[in-house]
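Peer 1: With the input below, show me the fold.
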Amino acid sequence: MIGYSRFVLPTIADVLALDTVRRGNPRVVAGADRLDTRVRWVHVGEVTDIAHLLHGGELVLTTGIALPDDPDKLTGYITGLAAVGAAGLIVELGRKFIGELPRSVVAAAEEHGLPLVTLARETPFVQITEAVHARIIDRQLEELRASEQLHEVFTALSVEGASPAEILAQVSRLSGRPVLLENLAHQVLACESAGQDTRTLLSSWESRSRAVTSDQRTSYDTASGWLVTMVGARGQDWGRLMLLCEAEPGPRDIVLAERAATTLALGRLLERHQESLERQAHGTIISGILSHAYADPDEAAARARAVGVPLTGRKLISVVLRLAEAPENPPDGPEQLARLVELADAAAAACRAARFPALVGALDQNRVGVLLPLPPRALAEPTLTTLSDRLRAAFTVPFVLAAGSVVETVRDVRRSFLEAEQVADVAVRQPDGRAFYRLPDLHLRGLLHLLRDDARLQTFAERELGPLLAHDAQRGGDLARILRVYLDSGRNKAVAAQKAHLSRPAFYDRLRRLERILDADLDDVETCLSLHVALLALESFRRDVPRS
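Peer 2: Okay, here's the model as predicted:
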């Protein structure tokens with residue numbers, strides 16, 4: 001992997017190909033496998049202790065006239081150059097060393113991987129330095145010219161708020177090469193094939209992409225031919241831009257890739273900022289409607305219309321989204337909160353994609369609210385199905401989508417939202433894979449949840465189950481669980497015994513104890529129905545208790 005700081009520097013091989021160097025009859029005597037080493041500058045030096053004057057990347061030229069005769073000191077000279085990162089060493093023969101270099105010098109250079117070249121003929125070093133420095137400066141100027149040319153193009157794209165696809169299309173047009181944008185999971189976000197077969201280009205992409213690694217912002221992978229630059233801002237990278245180059249890229253290619261990456265990063269920052277402000281604005285309007293903050297419903301409608309969501313003359317349906325509960329992620333944990341923000345953004349994107357104008361904002365730390373205005377003749381079910389399908393395709397973390405009743409005015413939206421919240425509270429605990437939930441879908445559980453704060457329901461559950469709960473509490477028993485298993489099994493004792501992991505005699509014994517404690521006949525259908533309702537109500541009470 002070849003890295004780039006600003007522009008492509010010439011290599012040792014490039015230097016050896018210069019006419020002024022070729023006239024000196026150059027011969028590589030060590031480090032022949034390192035001729036692709038980049039040359040940052042050329043330095044002429046005849047002193048032994050030159051290493052401390054270098055910064056790395058220099059090609060050192062010397063006649064060796066001041067070098068010592070001692071093999072150990074010569075070895076130290078080579079070791080010092082390698083230690084500071086010198087690009088290579090060129091020695092002109094004839095003044096100090098006649099015919100060839102000492103074996104100790106060659107062996108040390110080979111050991112440290114330092115390219116070592118001899119010149120058999122006298123060569124004016126000034127010509128070499130002028131030629132190499134001119135090439136370096138020319139490439140710097142080439143980069144500046146390319147940067148100036150591309151600056152106008154990508155500034156316009158930034159101002160226009162161009163999408164990643166539009167930015168990549170421009171990169172491909174300017175370079176004539178395929179270009180891809182991937183995320184950090186090596187998934188392709190956008191691709192411009194430049195006329196090549198897209199299927200071939202993307203075949204086994206993830207595995208091929210993972211093989212292209214570098215610790216630099218911009219680098220060229222010679223094995224795959226991809227010029228890669230990181231995409232991100234504020235120290236947070238989120239993707240890579242990859243430009244396919246059949247040969248080593250030039251300065252213009254590098255500037256093109258880096259400017260495109262900068263434009264992509266800026267676009268994402270602006271998009272996130274705009275999205276955040278939009279979510280806040282929408283959330284404020286929804287909260288205002290639910291809390292009666294607006295003295296006149298027309299004010300809420302006007303505020304919604306100002307953000308592009310018409311509420312008047314439409315049927316209104318409230319939707320509540322809740323993340324599926326996970327024991328490892330408490331509702332107020334940072335991961336859960338981050339996912340809730342992602343869920344809100346995904347819901348807004350799904351509404352835009354389906355061309356549903358909607359208010360989308362967080363209701364609290366657990367729920368996202370969506371207010372959907374529907375055309376007068378539109379049906380709620382197809383709209384909810386479309387929204388659910390698009391949202392689940394984009395957001396893979398499990399969640400439930402609950403909807404309230406369709407209402408006709410802004411004044412009634414609060415009632416619709418309260419109903420959707422109650423449905424979501426029930427559905428999130430026992431989701432069954434539905435695209436969306438409405439109150440009729442919850443049957444008895446939904447009714448009990450709606451009545452969970454009613455003292456009469458609480459009294460009923462306590463009257464039916466009080467003795468049993470007291471017995472279990474005093475003795476650490478599990479008879480309430482046995483009763484639930486029995487009733488869930490349709491009063492089939494054999495099936496219930498198997499589910500309870502008990503032998504039939506042991507299970508039958510527990511049923512008799514239940515009958516004594518409850519003073520009830522468990523073979524009576526109406527008695528069992530009453531007990532089952534009481535258990536479901538108890539479950540609703542307990543699940544509604546806030547977590548500590």
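
Peer 1: Wait, residue 263 touches residue 154, no?
Peer 2: Yes. Between residue 263 and residue 154 there is a contact under Cβ atoms under 8 Å: 4.6 Å. Glycine gets a C-beta too; all of them are placed from N, C-alpha and C.

Peer 1: List the residues that are in contact with both of these two.
Peer 2: Residues touching both residue 263 and residue 154 by Cβ atoms under 8 Å, 6 or more residues apart in numbering: residue 167.

Peer 1: Run the chain-centre distance for the one helix or strand residue 285 maps to.
Peer 2: Using DSSP states H and E, residue 285 sits in helix 251-290. The chain centroid and the centroid of helix 251-290 are separated by 15 Å, computed with Cα atoms, centre = their mean, to the nearest Å.

Peer 1: Kindly report the same for stretch 30-40.
Peer 2: For stretch 30-40, the distance to the chain centre is 38 Å (Cα atoms, centre = their mean).

Peer 1: Please identify the buried residues of that stretch?
Peer 2: Buried residues in stretch 30-40, counted by 16 or more other Cβ atoms under 10 Å: 30, 31, 34, 35, 37, 38, 39, 40.

Peer 1: Now intersect the residues you listed with the strands, please.
Peer 2: Judged by DSSP state E, strands contain the following of these: residue 30.

Peer 1: Columns distance to residue 286 on top of the buried residues of stretch 30-40, output as TSV?
Peer 2: TSV is the format used below for these (distance: Cβ to Cβ, whole Å):
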residue	distance to residue 286
30	73
31	69
34	65
35	66
37	62
38	58
39	63
40	59
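
Peer 1: Which of the buried residues of stretch 30-40 sits closest to residue 187?
Peer 2: residue 38 (32.8 Å; Cβ to Cβ).

Peer 1: quick one, helices of the stretch 101-250 of the chain?
Peer 2: 103-112, 125-160, 164-175, 198-202, 205-210 (DSSP state H, counting those that start in this stretch).

Peer 1: circling back: I'd like the next helix or strand past the helix holding residue 285.
Peer 2: As assigned by DSSP H and E, the chain's next helix or strand after helix 251-290 is helix 297-306.

Peer 1: so how far is the following helix or strand past that following helix off the chain centroid?
Peer 2: Next along the chain after helix 297-306, taking DSSP H and E as the criterion, comes strand 315-323. Put simply, strand 315-323 sits 27 Å off its chain's centre (Cα atoms, centre = their mean).

Peer 1: try stretch 245-257
Peer 2: Remark: stretch 245-257 is offset 27 Å from the chain centroid, using Cα atoms, centre = their mean.

Peer 1: same thing with stretch 38-58?
Peer 2: With Cα atoms, centre = their mean, you get 44 Å for stretch 38-58.

Peer 1: Please apply the same query to stretch 378-388.
Peer 2: On the basis of Cα atoms, centre = their mean, stretch 378-388 sits 29 Å off its chain's mean C-alpha point.

Peer 1: List the buried residues of that stretch.
Peer 2: 380, 383, 384, 386, 387, 388.

Peer 1: For that stretch, list the C-alpha coordinates in PDB.
Peer 2: Backbone C-alpha positions of stretch 378-388 (Å, rounded to 0.1, in the frame of the first residue of the first chain) are rendered in PDB as follows:
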ATOM      1  CA  ALA A 378     -56.800   7.400   1.500                       C
ATOM      2  CA  LEU A 379     -57.000   4.300   3.700                       C
ATOM      3  CA  ALA A 380     -55.000   4.000   6.800                       C
ATOM      4  CA  GLU A 381     -54.000   0.300   6.500                       C
ATOM      5  CA  PRO A 382     -52.100   0.600   3.100                       C
ATOM      6  CA  THR A 383     -50.300   3.700   4.300                       C
ATOM      7  CA  LEU A 384     -49.200   2.000   7.600                       C
ATOM      8  CA  THR A 385     -48.100  -1.100   5.700                       C
ATOM      9  CA  THR A 386     -46.000   1.000   3.200                       C
ATOM     10  CA  LEU A 387     -44.400   3.000   6.100                       C
ATOM     11  CA  SER A 388     -43.700  -0.200   8.000                       C
END
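
Peer 1: tell me the average confidence for it?
Peer 2: Stretch 378-388 shows a mean pLDDT of 93.

Peer 1: What residues does the nearest residue to residue 527 once chain neighbours are set aside make contact with?
Peer 2: Nearest residue to residue 527, sequence neighbours excluded (Cβ to Cβ, 6 or more residues apart in numbering): residue 520, at 5.1 Å. Contact partners of residue 520, counting by Cβ under 8 Å, 6+ apart, are 514, 527, 531.

Peer 1: Most neighbours of all those, which one?
Peer 2: residue 531 (23 neighbours; other Cβ atoms under 10 Å).

Peer 1: The helix or strand harbouring that residue - contacts with which helices or strands?
Peer 2: In the assignment (DSSP H and E), residue 531 maps to helix 525-543. With contacts taken as 3 or more Cβ pairs under 8 Å, 6 or more residues apart in numbering; DSSP states H and E, helix 525-543 sits against helix 443-450, helix 455-475, helix 479-488.

Peer 1: Which of the contacts of residue 520 sits closest to residue 359?
Peer 2: Proximity of those to residue 359 (Cβ to Cβ) peaks at residue 531, which lies at 44.2 Å.

Peer 1: picking that back up, can you pick out the most distant pair from the buried residues of stretch 378-388?
Peer 2: Farthest pair in the buried residues of stretch 378-388, by Cβ to Cβ: 380 and 388, 12.1 Å.

Peer 1: Just the buried residues of stretch 92-110, please?
Peer 2: For stretch 92-110, burial by neighbour count (16+ other Cβ under 10 Å) applies to 92, 93, 96, 97, 101, 102, 105, 106, 108, 109, 110.

Peer 1: For the nearest residue to the last one once chain neighbours are set aside, name its beta-bridge partners.
Peer 2: The spatially closest residue to residue 110, leaving aside those adjacent along the chain, is residue 30, at 4.3 Å (Cβ to Cβ, 6+ apart). On DSSP bridges, the residues paired with residue 30 through beta bridges are residue 116.

Peer 1: Give me the distance between the nearest residue in space to residue 94 that is not next to it in sequence and residue 195.
Peer 2: Take residue 94 and drop its neighbours on the chain: the residue closest to it by Cβ to Cβ, 6+ apart is residue 122, 6.5 Å away. Residue 122 is 53 Å from residue 195, where distance means Cβ to Cβ, to the nearest Å.
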